[in-house]
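Visitor: Structure for this input, please:
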Amino acid sequence: MGAGWVRITGAGVVAILLASVPFAREDRGRGLRFAATALGSFLVQQIVIARALARRHDGEPDDLDAVDAVTLSRGVAASIVGASALAAPRGRRSYAARLAWPLAVSGSTLTDWIDGPLARRRGRGPTRLGRVLDLELDSWLTLATTFAGTRLGTLDAICLVTPSLRYLAMASPISYEDVHAVGKSDRARNLGITQMALALASFAPFAGGRTTAIARIASVMLVPVHVVALGAALSRPNRSRLQPPASR
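Guide: This next block holds a predicted model:
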């Protein structure tokens with residue numbers, strides 16, 4: 001494990017512990033549940049990344065840098081969003097909602113917008129691991145945000161089907177390269193953006209009852225659309241494969 005991995009992991013642990021303080025002040029047991037869930041999720045993510053770095057292709061970097069830290073901040077955000085919704089009582093005006101909503105917004109917009117251009121500007125260019133992390137952390141954040149909506153009482157549980165579909169595909173005999181290629185398609189990206197926007201709108205602290213109702217209904221309507229779109233995309237032959245970048 002390189003120094004970059006250690007720094008990013010340490011920063012994520014500190015962020016989670018700081019976020020747990022208000023939970024613990026209100027209810028010590030709730031604070032412990034939040035910290036245990038968020039830390040467990042984040043550390044599993046970092047262990048998987050460490051193993052991926054150890055199995056890197058020739059010419060690939062053996063450590064994480066500042067651009068990777070921007071991408072991985074979405075993983076920290078997803079861990080906090082999911083854990084806060086799990087530990088907190090229902091209600092979009094609770095501390096959990098006030099914590100989860102801005103983290104989900106910043107993760108799905110700011111960090112997602114800037115890590116790509118930053119990766120292209122750095123000397124070593126986008127890496128295979130970076131491309132995988134970009135998609136996987138987007139998907140994980142979307143799942144955590146949808147879960148937050150269901151736990152806070154603003155989305156129906158069936159809405160979790162939509163962000164869970166790619167994980168079901170990954171658990172099937174379908175190759176990861178095929179699942180990744182479908183996930184990077186324009187159709188999947190547009191559906192993912194819509195899905196994330198609806199989840200965010202449903203439990204926004206300032207949203208009114210009408211906004212929440214529209215987001216709730218639209219999220220349910222998106223489920224069959226997403227199922228059909230993913231099934232059609234995965235059934236097509238000759239999809240492009242995820243390839244490592246050429247060695248320098």
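Visitor: For G2, what are phi and psi?
Guide: phi -80, psi 170 (degrees, to the nearest 10).
Visitor: Ok, G29 next?
Guide: phi -60, psi -40.
Visitor: and it, what pLDDT?
Guide: pLDDT, G29: 86.
Visitor: neighbours around it, how many?
Guide: 10 (other Cβ atoms under 10 Å). C-betas here are computed from N, CA, C, even on glycine.
Visitor: list the contacts for it?
Guide: For G29, the contact set (Cβ atoms under 8 Å, 6 or more residues apart in numbering) is empty.
Visitor: check which helix or strand covers the residue positioned nearest the centre of the chain.
Guide: Centroid check for the chain by Cα atoms, centre = their mean gives L141 as the closest residue, at 2.2 Å. Per DSSP states H and E, L141 falls inside helix 128-151.
Visitor: Distance from the chain centre to the next helix-or-strand element following that helix, please.
Guide: Next along the chain after helix 128-151, taking DSSP H and E as the criterion, comes helix 161-171. Chain-centre distance of helix 161-171: 13 Å, with Cα atoms, centre = their mean, to the nearest Å.
Visitor: Now stretch 183-203: buried residues?
Guide: 183, 188, 191-192, 194-196, 198-203 (16 or more other Cβ atoms under 10 Å).
Visitor: One more: stretch 152-160?
Guide: Here stretch 152-160 shows L152, T154, L155, C159, L160 as buried, counting by 16+ other Cβ under 10 Å.
Visitor: Packing partners of the lowest-mean-pLDDT helix or strand in the chain?
Guide: In the chain, the helix or strand scored least confidently by mean pLDDT, DSSP states H and E is helix 110-121, which has a mean of 81. Helix 110-121 sits against helix 66-87, helix 128-151, with contacts defined as 3 or more Cβ pairs under 8 Å, 6 or more residues apart in numbering; DSSP states H and E.
Visitor: Any chance of TSV for these, columns distance to V225 and mean pLDDT?
Guide: TSV is the format used below for the helices and strands packed on helix 110-121 (distance: least, Cβ to Cβ, whole Å; pLDDT from 0 to 100):
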stretch	distance to V225	mean pLDDT
helix 66-87	24	91
helix 128-151	15	90
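Visitor: rewinding a little: could you identify the most distant pair in the buried residues of stretch 183-203?
Guide: G183 and F203 (24.8 Å; Cβ to Cβ).
Visitor: picking that back up, what would the helices and strands packed on helix 110-121 look like in CSV with distance to G231?
Guide: Below are the helices and strands packed on helix 110-121 laid out as CSV (distance: least, Cβ to Cβ, whole Å):
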stretch, distance to G231
helix 66-87, 26
helix 128-151, 17
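Visitor: Which one, of these, ends up nearest to D115?
Guide: That would be helix 66-87 among these, by Cβ to Cβ, at 4.4 Å.
Visitor: That closest one: how far from the chain's middle?
Guide: 7 Å.
Visitor: Tell me which helix or strand comes right after it.
Guide: helix 95-108.
Visitor: what about L86, distance to G40?
Guide: 11 Å (Cβ to Cβ, to the nearest Å).
Visitor: which one of those two has more residues nearby?
Guide: Legend: neighbour count by other Cβ under 10 Å for L86 and G40, higher for L86 (17 against 13).
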